[in-house]
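> Below is the sequence, then the predicted model.
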Amino acid sequence: MEAKAHLKYVRISPRKVKIVLDLIRGKDTNTAMAILKNTNKIACEHLIKLLKSAVANAEHNFNMDASNLYVSECFVCPGPTLKRIQPRAQGRAFHILKRTSHVTLVVKEKEVG
C-alpha cells in the first residue's frame, strides 16, 4: 500500500530539486521533514508542503499510521520550459530558459515484524 502526492508546474529547475530529493529518499517521514526544514535550499519550501500532503493522503485515504511511514520513492521530471528573450548589445537577443518541474513523492508503511 502506498500513498502519492504530486507537485506540478513548480517554477524551479529539476536539477535543483533533485539535489534535495536525494537527501530524503528512503528516510522515515519525521527524519525527512527535519532534513527539509534544516536544509538551506529554495526547493525545500515546496517539498515540505508535498511531504505533508503525501502523509495526509496516506492517513485519510488509506488509513495508514503516520508514525510508521517512510519516503519510498521521490523523483522529478522536467515540465514545460518558458522561453524568454533578453536584449543584448548591437541588437542581439539572449535566450533565457525558465525551467519548471513536476515532482512526485510516494510514502509507504514500514513492514512490521
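Cool, got the structure.

> From here on, just use CA atoms for contacts and neighbour counts.
Noted.

> Which pLDDT value belongs to the closest residue to residue 16 other than its chain neighbours?
Among residues not flanking residue 16 along the chain, residue 43 sits closest, at 7.0 Å (Cα to Cα, 6 or more residues apart in numbering). In the prediction, the pLDDT value recorded for residue 43 is 96.

> State the number of residues packed around residue 43.
21 (other Cα atoms under 10 Å).

> you'd agree it is up against residue 18?
No: using Cα atoms under 8 Å, residue 43 is not in contact with residue 18; the gap is 9.0 Å.

> how about stretch 20-30: buried residues?
20, 21, 24, 25, 26, 27, 28, 29, 30 (16 or more other Cα atoms under 10 Å).

> Just the ones in helices from the residues you listed, please.
20, 21, 24, 29, 30 (DSSP state H).

> quick one: average pLDDT of stretch 71-87?
Averaging pLDDT along stretch 71-87 yields 97.

> Can you give me the end-to-end span of it?
44 Å (Cα to Cα, to the nearest Å).

> helix or strand right after the longest helix along the chain?
In the chain, assigned by DSSP H, the helix with the most residues is helix 43-62. Next in sequence after helix 43-62, counting helices and strands by DSSP states H and E, comes strand 69-78.

> Thanks a lot, catch you later.
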